[in-house]
Structures are given as C-alpha cells and as structure tokens.
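Undergrad: pasting the sequence and the predicted coordinates here, then a few questions.
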Amino acid sequence: RARLPKGQRAEQHLERIRRSHQKHNAILASIKSNERDRLKVEWDQHHDCAFLDNLVRARIKDAMQGFIINIEERRNKLRELLALEENEYFTEIQLKKETIEEKIDRMREKTKLLKEKNEKERQDFVAEKLDQQF
C-alpha cells in the first residue's frame, strides 16, 4: 500500500480531530439544550402545581366563608324566632294573668258557693232530724 505524504496525514489527523471536536461540541450543545428544556419543564410543572394549589386553597377558603356566612344567617334567623316566641309567651302570660279584682271576684264567688253548700247541708241535716223526731 502506498502511504500518503506526511503533510496530508497531518491534515487528515487534524480533520479527524476537528470532526471529533465538532461532534463533541454538538453533543454538548444537545446536552445543554436537553438540560434547558428539562429545567423549563420542571419550572412549568412547579408553577402549574403552585397555581393549582393556590386555586384549591382559594376555592376552599370561599367554600368555608360561604359555610360560615350560612351558619351566621341561620343563627340570626333562629335568634329572631326565639325572640318572637319569647314575646308571644310573655304576651300570653300577660293575657292569662289575673288582675287583683278578678282574683277577689273569684274568691267571693267561691266563698258564696261554699256558704250555699254548707247552708244546704245544714238544712238537709235539720230536715232529717225533724223527720227522725216526728
């Protein structure tokens, strides 16, 4: 086999080294590009996760505030119903409450009935004794 002159062998060797460096640089560029893309994806995933987390927290907060507002409305409604019921009971008690005059009249009526009853019993007793005596 014939050998190339030394000058051409050196050029070929340099060309191989250059191609090797180009491949190496292309691989490094590809690695850097892949790393940059991976970092972008990680960043997007992190921010998507943070966004979703904040969204969920906001919805939970809104739901809790709605729940608390609903509870407060129900409490206020129950307070109003309780106050209304208490007022009704007080008015009912006031209406059923006897005045002093009514009480005196009732007691007079009761004493009158008792006197009549006692008088009738006494008269029956007297009539019975008169019958026995006869």
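TA: Yes, it's here.
Undergrad: and the average pLDDT for the top helix by length along the chain is what?
TA: Determined from DSSP state H, the single longest helix within the chain is helix 6-96. The average pLDDT within helix 6-96 is 93.
Undergrad: which helix or strand lies directly C-terminal to it?
TA: helix 100-133 (DSSP states H and E).
Undergrad: output the contacting helices and strands for that following helix.
TA: Contacting helix 100-133 under the criterion 3 or more Cβ pairs under 8 Å, 6 or more residues apart in numbering; DSSP states H and E is no other helix or strand. Yep, even glycine has a C-beta here, placed from its N, CA and C like the rest.
Undergrad: now it: how far from the chain's centre is it?
TA: 70 Å (Cα atoms, centre = their mean, to the nearest Å).
Undergrad: same check, this time on stretch 50-57
TA: With Cα atoms, centre = their mean, you get 20 Å for stretch 50-57.
Undergrad: contacting residues around that stretch?
TA: Residues outside stretch 50-57 that contact it (Cβ atoms under 8 Å, 6 or more residues apart in numbering): none are found.
Undergrad: need the CA coordinates for it. CSV is fine.
TA: What follows is stretch 50-57, C-alpha atoms only, in CSV (Å, rounded to 0.1, in the frame of the first residue of the first chain):
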residue,chain,number,x,y,z
ALA,A,50,-48.3,26.0,42.7
PHE,A,51,-51.1,27.6,40.7
LEU,A,52,-53.3,24.5,41.2
ASP,A,53,-52.5,24.6,44.9
ASN,A,54,-53.4,28.3,45.2
LEU,A,55,-56.6,27.7,43.2
VAL,A,56,-57.7,24.8,45.5
ARG,A,57,-56.8,26.9,48.6
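Undergrad: spatially central residue in this structure, please.
TA: By Cα atoms, centre = their mean, the mean C-alpha position of the chain lies nearest to F67, the distance being 3.5 Å.
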